[in-house]
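# Pasting the sequence and the predicted model now:
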Amino acid sequence: MCGRFALTAKSELVRDALNLAELEGFPARYNIAPTQPILVVIAGERQERGSNLPERRAMLVRWGFLPGWVKDPRDFPLLLNARSETAVSKASFRAAMRHRRILVPATGFYEWHRPSKESGEKSQAYWIRPKRGGIVAFAGLMETWSSADGSEVDTGAILTTSANRSMARIHDRMPVVIHPDDFSRWLDCKTQEPRDVADLMAPVQEDFFEAVPVSDLVNKVSNGGPEIQAPVAEVLAVEKPKSTKPDSGQMSLF
């Protein structure tokens with residue numbers, strides 16, 4: 001899954017990487033969390049009649065998908081991610097998969113290796129970024145939810161797929177990465193059915209990302225500076241202590 005990510009590149013770089021018509025400046029965000037606004041890219045109209053160049057637009061949506069048929073958001077779970085393998089068959093995501101596919105620009109994401117208690121290992125956070133740097137585009141879905149009073153909220157989710165071998169040691173899921181050559185096909189919901197873009201929702205190649213162990217500062221939403229991406233020593237497996245009886249006449253404090 002993807003529960004935290006970052007977008008720290010300058011707006012000009014994001015604009016050029018996603019071929020956007022325009023993009024206002026924005027601050028670097030090192031710890032983007034659920035329910036916060038996230039920058040997404042949607043397909044737009046053609047720049048000129050007869051032009052083959054797409055006009056893509058950027059907008060902000062709330063990270064936490066709400067299907068249009070939900071009556072009360074308080075009674076509906078927060079959908080940060082959608083499983084790419086089943087999104088088109090799920091009632092929550094079916095319409096968005098057909099009509100509202102988006103790109104979510106990022107400079108990387110965070111994932112946690114949370115072993116079982118029996119293993120004796122400690123949890124470890126990782127900052128996962130493209131090995132060659134730059135901006136990555138995650139596949140996403142969006143929906144505009146309307147309340148009873150007529151107000152509207154644009155919402156979004158990130159699509160995930162099974163982890164490739166290099167990421168599987170950390171977690172069994174990872175975001176779907178859309179390569180620049182496939183941006184137009186992914187965003188084209190007029191001529192490209194979900195079945196036509198199913199091949200894009202595969203794990204990214206093995207050497208695309210690198211995982212940097214980081215501290216647990218990223219766990220707190222209030223920590224939003226570059227220090228949360230500082231490398232730390234990777235936590236190693238810890239042997240489970242053997243149970244021993246306390247010495248006669250001594251009380252155990254544990």
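Thanks, I have the structure now. Numbers count the residues shown, from 1 in each chain.
# can you list the weak-confidence ranges in this structure?
For the chain, the stretches flagged by pLDDT under 70 are 1, 46-54, 236-254.
# show me where it has strands.
4-7, 29-32, 37-46, 54-63, 81-83, 101-106, 108-113, 124-130, 136-146, 152-162, 173-175, 209-214 (DSSP state E).
# right, and these - which one's nearest Glu193?
strand 101-106 (10.9 Å; C-beta to C-beta). C-betas here are computed from N, CA, C, even on glycine.
# quick one, the closest one and strand 37-46 angle?
Counting by axes from the mean of the first three to the mean of the last three C-alpha atoms, to 10 degrees, strand 101-106 lies at 130 degrees to strand 37-46.
# Now do strand 101-106 and strand 152-162, the angle between them.
Taking the same axes, to 10 degrees, one finds that strand 101-106 is oriented at 80 degrees with respect to strand 152-162.
# Please work out which of the strands of the chain is packed deepest.
Per-stretch averages of neighbours, counted by mean count of other C-beta atoms under 10 Å, single out strand 101-106 among the strands of the chain, with a mean of 26.
# That strand packs against which elements?
strand 4-7, helix 11-18, strand 37-46, strand 136-146, strand 152-162, helix 183-187 (3 or more C-beta pairs under 8 Å, 6 or more residues apart in numbering; DSSP states H and E).
# So what touches that strand?
Applying C-beta atoms under 8 Å, 6 or more residues apart in numbering, the external contacts of strand 101-106 come out as 5-7, 9, 14, 17-18, 38-42, 61, 135-142, 156, 158, 178, 183, 186-187, 189, 197.
# any residues touching stretch 174-187, and which ones?
Identification of contacts with stretch 174-187 by C-beta under 8 Å, 6+ apart yields 2, 5, 17-19, 41-43, 54, 56, 81, 84, 101-103, 109, 111, 128, 136-139, 158-164, 167, 192, 196-197, 200-204, 208-209.
# Could you do stretch 60-70 as well?
In contact with stretch 60-70 (C-beta under 8 Å, 6+ apart) are residues 32-40, 73, 76, 78-80, 82, 91-93, 95-96, 102, 141-146, 153-157.
# With stretch 124-134 instead?
Against stretch 124-134 from outside (C-beta under 8 Å, 6+ apart): 6, 9, 13, 17, 107-113, 136, 167, 170, 174, 207-216, 218-219, 228-229, 234-235.
# try 6 Å
Residues from elsewhere that reach stretch 124-134 (C-beta atoms under 6 Å, 6 or more residues apart in numbering): 108-113, 136, 170, 209-214, 216, 218, 229, 235.
# if we can go back for a sec, between the helices and strands packed on strand 101-106, which gets nearest to Lys122?
Here strand 4-7 is closest among those (C-beta to C-beta), at 18.8 Å.
# chain center to stretch 199-210: distance?
14 Å (C-alpha atoms, centre = their mean, to the nearest Å).
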